[in-house]
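# Quick one: sequence plus predicted model below, questions after.
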Amino acid sequence: MTEEEAFWTFTRIIEVMMPIDYYANMQGALVDQKIVDELLQRELPALHEHFEANLFKVEMSCLQWFTCLFAYNFNLDVVVRLWDLIFLKG
């Protein structure tokens with residue numbers, strides 16, 4: 001796939017597969033951030049408490065994950081697996 005084809009494929013994914021308000025007003029990304037925080041609190045309470053004690057908000061790190069569909073921060077194997085889950089399960 002050429003660079004231009006990759007660009008248009010990614011554009012199509014964002015415009016067609018993502019909810020309309022996900023990027024337009026960032027509502028979807030904000031909801032996803034809250035979900036990550038709640039999952040962290042439920043599944044890893046000690047880590048969540050550590051973050052809170054140090055005034056670290058999970059939202060500070062995960063917004064970039066959502067806005068670039070994980071492609072910027074993770075290695076290719078992880079990105080491919082995450083994209084498979086997005087495409088298969090929504």
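Looks like it arrived, so ask away.
# going forward, measure contacts and count neighbours with C-alpha atoms only.
Fine.
# Phi first, then psi, for residue 71.
The phi/psi pair for residue 71 (degrees, to the nearest 10) reads phi -70, psi -20.
# Need the per-residue pLDDT for residue 90.
pLDDT for residue 90: 63.
# Please apply the same query to residue 23.
Note for residue 23: predicted pLDDT of 67.
# what does residue 45 give?
Reported pLDDT for residue 45: 96.
# Could you report the neighbour count for it?
Using other C-alpha atoms under 10 Å, the number of residues around residue 45 comes to 13.
# now it: how far from residue 37?
For residue 45, the distance to residue 37 equals 10 Å [C-alpha to C-alpha, to the nearest Å].
# cool, residue 82 as well?
Here the distance between residue 82 and residue 37 works out to 18 Å (C-alpha to C-alpha).
# just residue 83 next, same as before
Residue 83 is 21 Å from residue 37, where distance means C-alpha to C-alpha.
# Residue nearest the middle of this protein, spatially speaking?
What sits nearest the mean C-alpha location of the chain, by C-alpha atoms, centre = their mean, is residue 66, with 2.6 Å.
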